[in-house]
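> What follows is a predicted protein model with its sequence.
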Amino acid sequence: MNLLGKVLTGVILITSLIVMVVAVMVYSTHRNFKEDADKLTAQLNNAKQQNQQLESKLRSLESLLTGEVETAKQEVAKLESERIQLVAENTTFQSELDLLRQEQRTNTAAVVATQSNNESLTSEVDALRTAIQENQQARDEAVAVTIRATDELHQAQGTLTSLRERSIQLVQELGTATSMLRESGIDPSTDPKAGVPNVRGVVSAIHRAAGNQLIEVSVGADDGIKPGHTIEVFRGERYLGRAEILKTEPDRAVGRVIRRFQQGQIQEGDHVATKLRIS
């Protein structure tokens, strides 16, 4: 076998291998087209049914959408009508709001004026309260003065009544004394300062003051004793001394013992007389 035969044999071998591979591939990819066609027909029928169902559903949806569109149009028309009405109401409300704002400004000005008036009235009320308090205080003082004056008037009336009674009593006593003086041969027109009345009493108390011995006796101005008169002090038949009257009251007098006339210790209960009787 020459070279050409060997090349042809190799080419045949390679061609055989290629044919074999192609046959294997064809066999492996071999399909039953009838079954595929049946499957495709069944799928087509199913697709048609689904398409019919979808078309029916589409028509139903279109009908529903048409109704909803009509309803939406009606709602839009209604809403538009309401919008127009709301715009009109808004215009009315805006007008009312402007009026209210104007009223608010007017009321604010009125409130400010009222506050100013209230402050003025408050000041006037405070002034009136102060004046009322002052008037009440003045009235209370006047009432107190009236009460004091009334009390003083009552006291004065009582004192006047007492003085009138005392005056009547003194007039009676004066008449009695005048009668007694006349019966005793004494002229009632004689100056009482010219003589010392003849009275007797007792020492009721003894005091010491500034180195002097003071005695208090039971006779006084009602008995005719006056400051400057002298009284004699004695106990029984014993002469004790002399005292000068310093101060008198209606029913008692106070005298200072004159040392140069003192002849004994003076005690409470000793007798005093303006004049001593000499037997």
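Now that the structure is in, tell me what you want to look at.
> Who are the packing partners of the longest strand along the chain?
The strand that spans the most residues within the chain, counting by DSSP state E, is strand 238-249. The contact analysis (3 or more Cβ pairs under 8 Å, 6 or more residues apart in numbering; DSSP states H and E) places strand 238-249 against strand 212-217, strand 230-235, strand 252-258. Using the backbone N, CA and C atoms, a C-beta is placed for each residue, glycine as well.
> for those, which one sits closest to Glu119?
Of all these, it is strand 252-258 that lies closest to Glu119, at 74.6 Å by Cβ to Cβ.
> which outside residues touch that closest one?
Residues outside strand 252-258 that contact it (Cβ atoms under 8 Å, 6 or more residues apart in numbering) are 204, 212-221, 225, 230-231, 233, 241-248, 266.
> what sits against Phe261?
Phe261 touches Gly241, Arg242, counting by Cβ under 8 Å, 6+ apart.
> Looking at it now. What's its pLDDT?
pLDDT for Phe261: 92.
> out of everything not next to it in sequence, what's closest to Gly264?
Leu240 (4.3 Å; Cβ to Cβ, 6 or more residues apart in numbering).
> Might you report the residue contacts of the one you found?
Per Cβ under 8 Å, 6+ apart, neighbours of Leu240: Val233, Phe234, Gln262, Gln263, Gly264, Gln265, Ile266, Asp270.
> And the second one, how far from Gly201?
What that stands for is Phe234. Computed as Cβ to Cβ, to the nearest Å, the Phe234 to Gly201 distance reads 12 Å.
> where do the contact lists of those two overlap?
With Cβ under 8 Å, 6+ apart, Phe234 and Gly201 have common neighbours His271, Val272, Ala273.
> Quick check: the last one vs Glu249, distance?
This points to Ala273. 19 Å.
> ok, now Leu153?
28 Å.
> what about Ala273 and Glu249, which has more around it?
Ala273 (16 against 12; other Cβ atoms under 10 Å).
> Any idea what that one is bridged to?
Bridge pairing for Ala273 (DSSP bridges) gives the partners Arg200, Glu232.
> From Ala127, how far off is His272?
That one is not His; residue 272 is Val. For Val272, the distance to Ala127 - Cβ to Cβ - is 74 Å.
> whoops, Leu44 was the one
From Leu44 to Ala127 the distance is 112 Å (Cβ to Cβ).
> Likewise for Glu232?
Taken as Cβ to Cβ, the span from Glu232 to Ala127 is 79 Å.
> sorry, back to before: pull out the buried members of the contacts of Leu240.
Val233, Phe234, Gln262, Ile266, Asp270 (16 or more other Cβ atoms under 10 Å).
> what residues are up against the last one?
In other words, Asp270. Contacts of Asp270 by Cβ under 8 Å, 6+ apart are Val202, Val203, Val233, Phe234, Arg235, Leu240.
> Show me which of the residues you listed is closest to Val22.
Closest to Val22 out of the contacts of Asp270 is Val203 (188.5 Å), distances taken as Cβ to Cβ.
> re earlier: let's have the contacts of Leu240 in JSON lines, adding distance to Arg59 and secondary structure.
As requested, the contacts of Leu240 are arranged in JSON lines below (distance: Cβ to Cβ, whole Å; DSSP: H, G, I helix; E, B strand; the rest coil):
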{"residue": "Val233", "distance to Arg59": "164", "secondary structure": "strand"}
{"residue": "Phe234", "distance to Arg59": "168", "secondary structure": "strand"}
{"residue": "Gln262", "distance to Arg59": "166", "secondary structure": "coil"}
{"residue": "Gln263", "distance to Arg59": "171", "secondary structure": "coil"}
{"residue": "Gly264", "distance to Arg59": "168", "secondary structure": "coil"}
{"residue": "Gln265", "distance to Arg59": "164", "secondary structure": "coil"}
{"residue": "Ile266", "distance to Arg59": "162", "secondary structure": "coil"}
{"residue": "Asp270", "distance to Arg59": "162", "secondary structure": "coil"}
